[in-house]
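K.L.:
mind folding the following:
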Amino acid sequence: MNYIKHLTGFYEKVAQDSTLNPTHISLYLALFQFWNFNRFRNPVSISRDEVMRISKIHSKATYHKCLKNLHSSGYIDYQPSYNPFVGSQVFMLDFAGDLKPNLKQIRIKN
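P.N.:
Residues are numbered from 1 along each chain as shown. As a prediction, this is how the structure comes out:
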């Protein structure tokens, strides 16, 4: 996993998505950190309290809304456990392959 290419692909996708706000991005980056600690293996088991702490989200309603938005928009695959003793599962999707050349950055030499 090349995390720099992944994050670049993620930010390119975010730039095109008008439905996301900074809270979604903060939540995604907290989930990305859990994935990193898991050596980029899927799925990642998450703790709501820990993800909320890292992402600086203080409202459970906002947390769940943003998590569901990220899932429905295709940024993650969220599998809730509904069990307080078992963490929910998040499958992080790979955005490293979504990179497309930015024509404004390519210089054509004559």
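K.L.:
isn't residue 88 up against residue 76?
P.N.:
No. Between residue 88 and residue 76 there is no contact under CB atoms under 8 Å: 10.9 Å. The way it works is simple: take the backbone N, C-alpha and C, and place the C-beta from them, glycine included.
K.L.:
can you give me the helices in this protein?
P.N.:
With helices called from DSSP state H, the chain shows them at 3-16, 22-37, 48-55, 60-72.
K.L.:
mind checking which of the ones you listed is nearest residue 80?
P.N.:
Ranking the helices of the chain by their distance to residue 80 (criterion: CB to CB) puts helix 60-72 first, at 8.6 Å.
K.L.:
now do the buried residues in the closest one.
P.N.:
63, 66, 67, 69, 70, 71 (16 or more other CB atoms under 10 Å).
K.L.:
contacts only, for the first one.
P.N.:
Residues in contact with residue 63 (CB atoms under 8 Å, 6 or more residues apart in numbering) are 27, 48, 51, 52, 55, 57.
K.L.:
that older thread, more neighbours, residue 88 and residue 76?
P.N.:
residue 76 (23 against 18; other CB atoms under 10 Å).
K.L.:
leaving out sequence neighbours, find the closest residue to that one.
P.N.:
residue 70 (4.9 Å; CB to CB, 6 or more residues apart in numbering).
K.L.:
the one you found against residue 29, yeah?
P.N.:
No. Residue 70 is beyond contact range of residue 29, at 11.2 Å (criterion: CB under 8 Å).
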